[in-house]
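> How does the following fold in three dimensions:
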Amino acid sequence: MNRKIFTNEQIKNLSKNKNVRRCGAKSVRYKKSFKESALRQYNEEGLSAVEIFKEAGFDLAVIGIRKPNKLMHQWNRAFGGPVRRAGETGIIVKRIEKRREMGHLKAKVAYLEAENRFLARLRAGKG
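Numbering: from 1, shown residues only. As a prediction, the model looks like this:
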């Protein structure tokens, strides 16, 4: 993996950005509020990832020209795909829906496994 290593000067400048939570030599951690706002602009307003990062004051020569697109895809996956609801609660609602669906699917699998065990015992004559 070809990872960018930031100089001390770049780290200092990135850390000054209000959207950065923390910055080290190999990574930048973004604030949750920036991620939510960026996802909203990307998914609902149709802005490009590059436009969003430039508007937020990031130097693409420093973080990498492809990084905004990569991060947008990662954040979309992490927050359950493109958010179709307005506001920060949309992301939270998506997570809750995903958990409910997972719980429902786990219960269904457990039921089907129990049914298979029962039918196997019936076929074996141990019913």
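> secondary structure class for the residue of the chain most remote from its centre?
Outermost residue of the chain with respect to the C-alpha centroid, by CA atoms, centre = their mean, is residue 125; its distance is 50.6 Å. Three-state call for residue 125 (DSSP: H, G, I helix; E, B strand; the rest coil): coil.
> Would you map the strands across the chain?
For the chain, applying DSSP state E gives strands covering 20-23, 28-30.
> Using the record's domain definitions, break this protein down for me.
Following automatic domain parsing, one gets these domains for the chain: 8-84, 97-127.
> For these, could you give me TSV that also reports mean pLDDT?
Converted to TSV, the domains of the chain look like this (pLDDT from 0 to 100):
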stretch	mean pLDDT
domain 8-84	91
domain 97-127	87
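> Mean neighbour count, the ones you listed: which tops it?
With neighbours defined as mean count of other CB atoms under 10 Å, these peak in mean count at domain 8-84, which reaches a mean of 15. The way it works is simple: take the backbone N, C-alpha and C, and place the C-beta from them, glycine included.
> so how far is that domain from its chain's centroid?
12 Å (CA atoms, centre = their mean, to the nearest Å).
> For the residue nearest in space to the middle of the chain, give its distance to residue 72.
Against the mean C-alpha coordinate of the chain, by CA atoms, centre = their mean, the closest residue is residue 78 at 2.2 Å. Going from residue 78 to residue 72 by CB to CB, to the nearest Å gives 11 Å.
> Could you do residue 80 as well?
14 Å.
> Same question for residue 19.
14 Å.
> And for residue 60?
Distance from residue 60 to residue 72, by CB to CB: 14 Å.
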